[in-house]
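Asker: With the input below, show me the fold.
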Amino acid sequence: MAEFKPFDVSTAQGFLIQHHWGVLATRRKNGGLQMSPITVGLDSEGRAIISSRETAFKVNNLRRDPRAAVCTFTPNFHGGGWVQVNGSAEIVSLPEALATLVYLQRQVYGEHKSWPEFRERMVREKRVIIRIAIESFGPKVRG
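Answerer: Okay, here's the model as predicted:
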């Protein structure tokens, strides 16, 4: 088990820059939770960012109720640490989303082999950016 160390928002943000695998929780129309595996990064303003399709249930859920929670963890899952961030989500559609989609690609995967191909795929897949303002985070204590 990893040693527990309380952290502040900048530590949580640093974790999102280095670790990209996580789960996003949103609210369904009936109030129930929906969880989706996601790839997450951090934008230049300190917000969690996720790429999705315009038609995805998580996007529809967030348009209706912007409350979101993201749990991000290390690739080895157990013992490597994790962080949860919570906040209000905003959906950014194309063409405004394109620069952030490129930014997220570079942060998570590095340079794409063909940026024109990448941009065409983003348009074809009707990609959006889910941008989450970090209003709270954890863990702050070990229970």
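Asker: any idea which helix is longest in this structure?
Answerer: helix 98-109 (DSSP state H).
Asker: which residues are contacting whichever helix or strand comes after it?
Answerer: Next along the chain after helix 98-109, taking DSSP states H and E as the criterion, comes helix 115-124. When contacts are defined by C-beta atoms under 8 Å, 6 or more residues apart in numbering, helix 115-124 is touched by residues 94, 97-98, 101-102, 105, 112, 127. (Each C-beta comes from the backbone N, C-alpha and C, glycine too.)
Asker: for this structure, what spans make up the strands?
Answerer: With strands called from DSSP state E, the chain shows them at 21-27, 33-42, 48-53, 67-73, 82-92, 127-132, 136-138.
Asker: Highest mean neighbour count out of the ones you listed?
Answerer: strand 127-132 (a mean of 23; mean count of other C-beta atoms under 10 Å).
Asker: now the angle between strand 82-92 and that strand, please.
Answerer: 120 degrees (axes from the mean of the first three to the mean of the last three C-alpha atoms, to 10 degrees).
Asker: Glu120 and Ser114, how far apart?
Answerer: Computed as C-beta to C-beta, to the nearest Å, the Glu120 to Ser114 distance reads 9 Å.
Asker: Over to Ser51?
Answerer: Distance of Ser51 to Ser114, computed by C-beta to C-beta: 17 Å.
Asker: With Ile50 instead?
Answerer: From Ile50 over to Ser114 the distance is 23 Å, taken as C-beta to C-beta.
Asker: same check, this time on Thr11
Answerer: Plainly put, Thr11 is 36 Å away from Ser114 if you go by C-beta to C-beta.
Asker: The two: which is more packed in?
Answerer: Using other C-beta atoms under 10 Å as the criterion, Thr11 and Ser114 rank with Thr11 on top: 12 against 9.
Asker: Could you list the low-pLDDT ranges of the chain?
Answerer: Low-confidence segments of the chain (pLDDT under 70): 1-6, 79, 140-143.
Asker: please redo it, this time with the cut-off set to 50
Answerer: 1 (pLDDT under 50).
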